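Trainee: turn this into a model:
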Amino acid sequence: MSRIVVIGGSGHVGSYLVPRLVALGHEVVNVSRGAAKPYRPHHAWDGIGQVALDRVAEEKAGQFGQRIADLQPDIVVDMIAFDLDSTRHIVEALRGKIEHYLFCSSIWVYGRLTTIPSTEVEPPNPIDSYGQGKADSEAFLMREARVNGFPATCFRPGHIVGEGWNPITPQGNADPETFSLIARGERLVLPNNGLETVHHVHADDVAQWIVCAIENRAPSLGEVFNTVSEQAVTLRGYAEAVYRWFGQVPDIGYQPLEAWLAALPEDARENTRGHVIRSSCHSIQKSRQRLGYAPRYTSLEAVQESLRALIAMGRVKAPNPMD
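Mentor: Numbering: from 1, shown residues only. Below you'll find the model as predicted:
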């Protein structure tokens, strides 16, 4: 078994990943700022190493990579590297010292899709700084892997969802009030014809994917993989499903995109636009064939689990029971 350092392991994916790794017999060290607790309680957290590091501060001091190297990992799962400088810093510190470095990228490396479902052959074309930072890191890591032998694998999660997390809604944002409106049977307005898509993935399926990559190291090295559910969902189909969960008849209206966005709260427009115009839809064929990845949850099943948790926490108000 391996000694695995998970950077950012207290986050949503880490809350599922750490127990999976412990159950498989790995020695796990979670590196975080120390402020966050896992989203889900599990006895596995009592038996792992916990290291509190502020990545931003440590990188500024030029010490973060060495701090990780000093933990003597065999494998590093990096959930929170967001730009090229950060990624390059840790690679230089870990070069020649580890067996596998798994980098959490994002489907946000895509700004627009040419074919759907898109495959990893399609070149990244980010349209914001977050996606650009991930794309730049991917390109650097792939060159380091293929030219210099650094053992890197990149994975691109979709819209992560699961217990304790606000799902991206049928309106393309994370506002739980959208679900409350649907639960009351009120009219929901969508952009255009509601045929844009979002592509969720359950956090536990991302954790499963990471385990698959660790256990299939050779075919994963020097490669990038989409990490999403089996299928994307249209905004319209998604909304109709949620209405049915609450025993409501779908009541959906439509507006042209720009007029629709203008009617949203100002602080929600940019994030909503980003989800709608990307219309994410990605293939997992490469992950399935090379790594044996088989997501447990469909997009709608993942959202439904998360929605039940939001109702239990009082963050979504539902007058009728949820099917």
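Trainee: CA only for contacts and neighbour counts going forward, please
Mentor: Noted.
Trainee: can you list the residues that contact stretch 287-306?
Mentor: 161-167, 199-202, 205, 208-209, 212-213, 216, 219-220, 225-233, 238 (Cα atoms under 8 Å, 6 or more residues apart in numbering).
Trainee: list only those of those residues flagged as buried.
Mentor: Buried subset of those (neighbour count, 16 or more other Cα atoms under 10 Å): 161-167, 199-202, 205, 208-209, 212-213, 220, 225-233, 238.
Trainee: among those, which are located in strands?
Mentor: Among those, the ones falling in strands (DSSP state E) are 161, 200-202, 225-227, 233.
Trainee: just the helices in the stretch 151-300 of the chain please.
Mentor: Applying DSSP state H, counting those that start in this stretch to the stretch 151-300 of the chain gives helices spanning 177-183, 203-215, 217-220, 235-245, 257-262, 266-278, 285-291, 299-312.
Trainee: okay, the longest one in CSV with CA atoms only?
Mentor: In CSV, the C-alpha atoms belonging to helix 299-312 read as follows (Å, rounded to 0.1, in the frame of the first residue of the first chain):
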residue,chain,number,x,y,z
SER,A,299,-26.5,13.5,-13.0
LEU,A,300,-30.1,13.5,-11.7
GLU,A,301,-29.5,10.9,-9.1
ALA,A,302,-26.5,12.9,-7.7
VAL,A,303,-28.6,16.1,-7.6
GLN,A,304,-31.5,14.3,-6.0
GLU,A,305,-29.3,13.1,-3.1
SER,A,306,-27.9,16.5,-2.6
LEU,A,307,-31.4,18.1,-2.7
ARG,A,308,-32.7,15.7,0.0
ALA,A,309,-29.8,16.9,2.2
LEU,A,310,-30.6,20.6,1.5
ILE,A,311,-34.3,20.0,2.4
ALA,A,312,-33.2,18.3,5.7
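Trainee: and that helix, what's buried?
Mentor: For helix 299-312, using 16+ other Cα under 10 Å, the buried residues are 299-311.
Trainee: looking at the residues you listed, which is nearest Leu17?
Mentor: Taking Cα to Cα as the measure, Leu17 lies nearest Ala302 of the buried residues of helix 299-312, at 16.4 Å.
Trainee: quick one on the thing from earlier: pLDDT added to the ones in strands among the buried ones among the contacts of stretch 287-306, as JSON lines?
Mentor: Below are those laid out as JSON lines (pLDDT from 0 to 100):
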{"residue": "Val161", "pLDDT": "96"}
{"residue": "His200", "pLDDT": "98"}
{"residue": "Val201", "pLDDT": "98"}
{"residue": "His202", "pLDDT": "98"}
{"residue": "Phe225", "pLDDT": "98"}
{"residue": "Asn226", "pLDDT": "98"}
{"residue": "Thr227", "pLDDT": "98"}
{"residue": "Val233", "pLDDT": "98"}
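Trainee: rewinding a little: with pLDDT and distance to Glu186 as added columns, please give the buried residues of helix 299-312 in a markdown table.
Mentor: Converted to a markdown table, those look like this (pLDDT from 0 to 100; distance: Cα to Cα, whole Å):
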| residue | pLDDT | distance to Glu186 |
| --- | --- | --- |
| Ser299 | 98 | 23 |
| Leu300 | 98 | 20 |
| Glu301 | 97 | 23 |
| Ala302 | 97 | 23 |
| Val303 | 98 | 20 |
| Gln304 | 96 | 19 |
| Glu305 | 95 | 22 |
| Ser306 | 95 | 21 |
| Leu307 | 96 | 18 |
| Arg308 | 95 | 19 |
| Ala309 | 94 | 22 |
| Leu310 | 96 | 19 |
| Ile311 | 96 | 18 |
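Trainee: tell me the two of those residues that are most distant?
Mentor: Spanning the widest gap among the buried residues of helix 299-312 are Ser299 and Ile311, at 18.4 Å by Cα to Cα.
Trainee: so how far is Val29 from Val276?
Mentor: Taking Cα to Cα, to the nearest Å as the measure, Val276 falls 37 Å from Val29.
Trainee: what lies in contact with the helix ranked longest in the chain?
Mentor: Criterion DSSP state H: the longest helix present in the chain is helix 129-148. The contact list for helix 129-148 (Cα under 8 Å, 6+ apart) reads 82-84, 87-88, 105-110, 124, 126, 150-154, 221-224.
Trainee: give me that answer again for 6 Å
Mentor: Contact partners of helix 129-148, identified using Cα atoms under 6 Å, 6 or more residues apart in numbering, comprise 82-84, 105, 108-109, 126, 150-152, 222.
Trainee: buried residues, that helix. List them.
Mentor: For helix 129-148, a neighbour-count test (16+ other Cα under 10 Å) marks 131-138, 140-142, 144-145 as buried.
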